[in-house]
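Asks: Structure of the sequence below:
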Amino acid sequence: MNLFSRLKRMIGEAIHKLIPYKQIEQAGDFVSPVSDEMTAALNLWAQMYLGKAPWLTADGMKSLNLPALICSELARQVTMEMKWNITGTLRNEADEPQMNPRAKYLVEQFRRCTGNVLREKLELGMAAGGFVIKPYPMNGQLYFDFSPDWCIYPIAFSDDKRMTDVIFRDQVQDGKTIFTRLERHTVIGEDVVITQRCFRSQSQDMLGTECPLSAVPAWAELKPEQMIEHTGGRLLLGWYRVAAANTVDLDSVLGASVFAKAVSCIRDADEQYSRLMWEYEAKEVAIDVDPSVLVPKAEHSADGKRYEMPKLNRRLFRAVDLGADNTYNVFDPPIRDVSLINGLNHILCRIEDLCGIARGTISDPNVQAMTATQIMMLRQRTYETISANQASLEQCLRDVIYAADIYTTALHLAPPGEYDISFEWDDSVITDTNQQLNERIMLKNVGAIGAAELRQWYLGETPAQAQDAVKRIQQEQMHGMMMPEVQ
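Replies: Below you'll find the model as predicted:
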């Protein structure tokens, strides 16, 4: 199954998960803080991302698939050249730094959460307004579950906008029976309580009646209730929220899709694109021919053999009773595509402005001549959008590592130990890396920054790694200066 097919299946499942929101509330005995407006918006964003926006049901409407393109491009730029590191040092007898077992274990586990899988899931999260990364232990290892905001049921938030109570939903089908598992994570004091409930139904859109977890072999080993102690009063997950204001529901803690502000303009673009396609189709060259000329198209010829007009000819020639001596008339009107294309490009530029991306990302970059200053200003807009979302994603990933560390301690998956986390994000969208390096070298030469700080930025090292490396280099230089010259 290719990437697009997987994404399509995942979004299709996500849309189903929006339907029984009220049923989830009744089963969990809570009132969701998610408004009806937000629920409808989540559903709309999912449909738009799939290229199935409501307005496409009209005859002749076509989709440019702009939501998927915008999310894909932003996710690519946010994660491009992302570097991370988890370090924790021990000293051996020779006072040499070594990676401690806790840091080494976290590095091995966290690799499953990054790379192409992160970019793919971030694209979905940007369409949904955010996503949750939830570590879970299995057979002595940690794995990571990604859930876009349209797949979760948040219940409560803290004052600093962290989730403190949330439900995740999972479904399996056995014949005609649908089993639904509700996994609820709740902060209680300094601990987290995880409850598991199972329901049986004959419809994917109905929760049904409650049944034991053992009804599904894959869930039989799950505990109905489990407490994870000493979590610091935090859920064991990371939540990425799109770094933009939620204009759908100003009171909602949930984020808004990266294309939420451009929904109406995206519809305008689809309509304009449909007009352009209709223009090409309506103005196709055709030759109106008297029916008497199209003898080969008859069911049977005089010799009893059947003739068929070639496909291209069937499209080119049209049987029309001209009522004159002329046997044909060429239909070849001029195409007025220039004005339609210019109008479409104007709409695309407006969409770029509303989504905070640079002109030329989805519009034609060659239409408008710009000065170097104007180009820099447009790049700055994209940089601000990307850097804000990088900061949001970094906080999410740090929370994921924190959760992984708590699980590691609770389940004794690795020995205790301290660790440091570092992230480096590429900002070459606005400045050249070589230029940045030269600028930092100049700052180091004048004493504005140190060698360790320079290594942290360029090599993505943690402060401890950079300090050890600088110390080692200085020792080697001192040793070289003390060595006697060979005559």
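
Asks: Going by contacts, tell me the helices and strands next to the strand or helix carrying residue 339.
Replies: Assigned by DSSP states H and E, residue 339 belongs to helix 337-355. Packing partners of helix 337-355 (3 or more CB pairs under 8 Å, 6 or more residues apart in numbering; DSSP states H and E): helix 66-79, helix 263-282. The C-beta positions use only the backbone N, C-alpha and C, and glycine is treated the same way.

Asks: Give me the distance between that helix and the centre of its chain.
Replies: From the chain centre to the centre of helix 337-355 is a distance of 24 Å (CA atoms, centre = their mean, to the nearest Å).

Asks: now the angle from it to helix 66-79?
Replies: Interaxial angle of helix 337-355 relative to helix 66-79 (axes from the mean of the first three to the mean of the last three CA atoms, to 10 degrees): 50 degrees.

Asks: quick one on the thing from earlier: got JSON lines for the helices and strands packed on helix 337-355, with mean neighbour count, mean pLDDT and distance to residue 253 too?
Replies: Output for these, formatted as JSON lines (neighbours: other CB atoms under 10 Å; pLDDT from 0 to 100; distance: least, CB to CB, whole Å):
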{"stretch": "helix 66-79", "mean neighbour count": "21", "mean pLDDT": "94", "distance to residue 253": "21"}
{"stretch": "helix 263-282", "mean neighbour count": "17", "mean pLDDT": "89", "distance to residue 253": "21"}
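
Asks: out of these, which comes closest to residue 210?
Replies: helix 66-79 (37.0 Å; CB to CB).

Asks: According to the record, where do the domains of the chain fall?
Replies: According to automatic domain parsing, the chain comprises the domains 1-150+237-274+335-428, 284-332, 432-482.

Asks: rank these by pLDDT, which is bottom?
Replies: Set side by side, the domains of the chain give their lowest mean pLDDT on domain 284-332, at a mean of 52.

Asks: quick one on the thing from earlier: most packed of the domains of the chain?
Replies: Highest mean neighbour count among the domains of the chain (mean count of other CB atoms under 10 Å): domain 1-150+237-274+335-428, with a mean of 18.

Asks: chain center to it, what's the gap?
Replies: Here the centre of domain 1-150+237-274+335-428 is set off from its chain's centre by 3 Å, with CA atoms, centre = their mean.

Asks: does residue 65 really touch residue 51, like I thought?
Replies: Yes. If you go by CB atoms under 8 Å, residue 65 and residue 51 touch, sitting 4.8 Å apart.

Asks: who does the helix or strand where residue 173 lies pair up with?
Replies: Element membership for residue 173, per DSSP H and E: strand 163-174. The partner list of strand 163-174 in its sheet, established with DSSP bridges, is strand 152-157 (antiparallel), strand 177-188 (antiparallel).

Asks: Relative to residue 172, which of the helices and strands packed on helix 337-355 is closest?
Replies: Nearest of the helices and strands packed on helix 337-355 (CB to CB): helix 66-79, 28.0 Å.

Asks: Other residues contacting the closest one?
Replies: 45, 48-51, 118-120, 122-124, 126-127, 257-259, 266, 269-270, 348, 351, 355, 357, 361-362, 382, 385-386, 389-390, 393, 429 (CB atoms under 8 Å, 6 or more residues apart in numbering).

Asks: Let's see which of the residues you listed end up in helices.
Replies: Among the contacts of helix 66-79, the members found in helices (DSSP state H) are 45, 48-49, 118-120, 122-124, 126-127, 266, 269-270, 348, 351, 355, 382, 385-386, 389-390, 393.

Asks: who's in contact with residue 163?
Replies: Residues near residue 163 by CB under 8 Å, 6+ apart: 132, 154, 156-157, 235, 237, 239.

Asks: could you redo the last one with a cut-off of 7 Å?
Replies: For residue 163, the contact set (CB atoms under 7 Å, 6 or more residues apart in numbering) comprises 154, 157, 235, 239.

Asks: tell me which of those is nearest to residue 201?
Replies: Out of the contacts of residue 163, the member with the shortest distance to residue 201 (by CB to CB) is residue 154, at 23.1 Å.

Asks: Now do the closest one, the pLDDT please.
Replies: 92.

Asks: got it, and the one 10 residues further on?
Replies: Reading off the confidence values, residue 164 has pLDDT 95.

Asks: What's the local residue count around the residue nearest to it when sequence neighbours are not counted?
Replies: Nearest non-adjacent residue to residue 164, counting by CB to CB, 6 or more residues apart in numbering: residue 187, 4.3 Å away. When counting by other CB atoms under 10 Å, one arrives at 21 neighbours for residue 187.

Asks: Is residue 187 in contact with residue 237, as I believe?
Replies: No. Using CB atoms under 7 Å as the test, residue 187 is too far from residue 237 to be in contact (11.1 Å).

Asks: ok so, going back, with distance to residue 203 added, can I get the helices and strands packed on helix 337-355 in JSON lines?
Replies: Converted to JSON lines, the helices and strands packed on helix 337-355 look like this (distance: least, CB to CB, whole Å):
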{"stretch": "helix 66-79", "distance to residue 203": "29"}
{"stretch": "helix 263-282", "distance to residue 203": "30"}
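
Asks: Select, out of the ones you listed, the one closest to residue 202.
Replies: helix 66-79 (33.4 Å).

Asks: Show me what the next helix or strand after the closest one is in contact with.
Replies: Using DSSP H and E, the next helix or strand after helix 66-79 towards the C-terminus is strand 83-87. Contact with strand 83-87 is made by 99, 103, 106-107, 110, 114, 401, 419-424, 460-462, 464-465, as judged by CB under 7 Å, 6+ apart.

Asks: mind checking how far residue 412 is from residue 171?
Replies: 32 Å (CB to CB, to the nearest Å).

Asks: Same question for residue 281.
Replies: As judged by CB to CB, residue 281 and residue 171 stand 42 Å apart.

Asks: likewise residue 163?
Replies: From residue 163 across to residue 171, the span is 22 Å (CB to CB).

Asks: how far away is the most centrally placed residue in the chain from residue 259?
Replies: Among the residues of the chain, the one closest to the centroid is residue 123, at 1.5 Å (CA atoms, centre = their mean). As defined by CB to CB, residue 123 lies at a distance of 12 Å from residue 259.

Asks: quick one on the thing from earlier: what separation is there between the residue nearest to residue 164 and residue 157?
Replies: 10 Å.

Asks: who touches both of those two?
Replies: Joint contacts of residue 187 and residue 157 (CB under 7 Å, 6+ apart) are residue 164.

Asks: For residue 173, list each beta-bridge partner.
Replies: Residues in beta-bridge contact with residue 173 (DSSP bridges): residue 178.

Asks: Next, count neighbours for it.
Replies: Quick note: residue 173 (other CB under 10 Å) scores 9 neighbours.

Asks: Just list the residues touching residue 267, thanks.
Replies: Here residue 267 is in contact with residue 55 (criterion: CB under 7 Å, 6+ apart).

Asks: is residue 423 in a bridge, and if so with what?
Replies: Applying DSSP bridges, one finds that residue 423 bridges with residue 84.
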